[in-house]
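# using only what follows, build the 3D model:
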Amino acid sequence: MEEQSVQQIIKATHWPRTMAATALGVLALFLLVSTISELKGLRFIGSGVAATNTISVNGEGEVFAVPDTATFSVTVREKAKEVKDAQDAATKKGNNIIAYLKEGGVEEKDIKTVDYSVNPDYEWSQGVCPQAGYCPPGKQVLVGYQVSQTLSVKVRDTKKAGDLLSGVGSRGATEVSGLSFTIDDEDALKAEARDKAIAQAKEKAEVLAESLGVSLVRVVGFYENEGGRPIFYEKAALGMGMGGDSAVSPAPEIPVGENKIVSNVSVTYEIR
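A predicted model of the protein is given here:
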C-alpha cells in the first residue's frame, strides 16, 4: 500500500515536469524558426519599404558618331488617258530606277515600295457663256489617270549617295526627297551615352549629399529619356521634272556630318 502511494506521488510530480519540458521545447523550436526567418530576410531589408528621405538628380550623356547609312525616297508619277498606259509608263521608269540602284550596290532588301496609288486626273472645264442670258456652271472633267510609285532607298555606303541621287534623277524620277543620314546600329552608342548620363547623375548626387551632410543609401528610382539628333537633308534639287531629264546631272556634294546620340536620365537616391 505504501509502495503504491509512493509511485502515485512520483507520477504526480513527473507529469508537470514533462509538460514543462515539452513547452520549453516547443518554445525553443519556435524561437529557432523565427531566428532563421529573420536571418534569411536580412538581405531583403528595405526592398519592400518605401523610401521617405530621397534626393533626385539629372544627368545627360552625349556621344558623337559619323553616320554610315543614307536614306531617301524616290517617286515616279505618270499620267495617261487609260489606267494601263499610266501604269506601264510608271512601271518602266520604276524598274529602270530599281535596276540602276542594284547596279550601284544597293541590296534588294534595302529598296522598298512604300506607296503605290492610282488616281483619276480631272481638269476644270468652264462652260461657254453667251453674251446675254444664262451662263452654265463649270465642272470637273475626267481627262485620264495618274499612277504614282514611291520607293524608300537605304544606301549603306554614304559615299555613293550623291551619285545615286543624280542617277535616279536622270532615269525618270519625278521627285527625290527626305534624304537623311543615320547610324544603322545605335545600340552600343545609346548604351555609352546612358553610362555617361548615369555617371554624371551619380557625381551630382554625391556632391549634393556632401553639401547636405547626408549619405547615399541606394537607388530607388530611375528614368531615361533617350533621343538622337540626326541631321536631315530635305528635298534634293537635281533638275527633275515630270517625265525626268535625259541628261545626267552632276553628282551633288553631300556632307555627312555627325549625329549626336543623347541620353537624359533622372536618378532618385535614398538618403540618411
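# for the chain, what helix or strand is lowest in average pLDDT?
When each helix and strand of the chain is scored by mean pLDDT, DSSP states H and E, strand 232-233 comes last, with a mean of 36.
# residues near the closest residue to Lys202 other than its chain neighbours, how many?
Spatial nearest neighbour of Lys202, chain neighbours left out: Val267 (7.1 Å); criterion: Cβ to Cβ, 6 or more residues apart in numbering. For every residue, glycine as well, the C-beta is placed using N, CA and C. Using other Cβ atoms under 10 Å, Val267 has 22 other residues around it.
# touching, Val267 and Ile55? I think so.
No: Val267 is beyond contact range of Ile55, at 9.3 Å (criterion: Cβ atoms under 8 Å).
# between the two, which contacts overlap?
Residues touching both Val267 and Ile55 by Cβ atoms under 8 Å, 6 or more residues apart in numbering: Ala205.
# all strands of this protein, in order?
Counting by DSSP state E, the chain has strands at residues 54-65, 69-80, 111-125, 139-155, 175-182, 216-229, 232-233, 259-271.
# and these as TSV, adding distance to Ala89?
Shown next, in TSV, are those (distance: least, Cβ to Cβ, whole Å):
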stretch	distance to Ala89
strand 54-65	42
strand 69-80	4
strand 111-125	12
strand 139-155	8
strand 175-182	16
strand 216-229	40
strand 232-233	29
strand 259-271	39
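# ok, of those strands, where does mean pLDDT dip lowest?
Among the strands of the chain, strand 232-233 carries the lowest mean pLDDT, a mean of 36.
# returning to what we had before: nearest to Leu208, out of the strands of the chain?
Closest approach to Leu208 among the strands of the chain (Cβ to Cβ): strand 54-65, 5.9 Å.
# adjacent strands (with direction) for the closest one?
strand 259-271 (antiparallel) (DSSP bridges).
# now the angle from the strand it pairs with to strand 175-182?
Computed by axes from the mean of the first three to the mean of the last three Cα atoms, to 10 degrees, the angle separating strand 259-271 from strand 175-182 equals 40 degrees.
# quick one: the closest residue to Gln126 other than its chain neighbours from Val265, how far?
Leaving aside its sequence neighbours, Gln126 sits nearest to Gly138 (Cβ to Cβ, 6+ apart; 4.0 Å). The gap separating Gly138 from Val265 is 62 Å, by Cβ to Cβ, to the nearest Å.
# tell me which of those two has more neighbours.
For Gly138 versus Val265, the count of surrounding residues by other Cβ under 10 Å is larger for Val265: 23 against 10.
# ok, what's across the strand from the more buried one?
Going by DSSP bridges, Val265 forms beta bridges with Gly59, Glu224.
# surely it meets Glu224?
Yes: at 4.9 Å, Val265 counts as touching Glu224 under the criterion of Cβ under 8 Å.
# for those two, list the residues in contact with both.
With Cβ under 8 Å, 6+ apart, Val265 and Glu224 have common neighbours Arg194, Ala197.
# list the contacts of stretch 211-222.
The contact list for stretch 211-222, computed with Cβ under 8 Å, 6+ apart, reads 46, 51, 53-56, 205-206, 209, 265-272.
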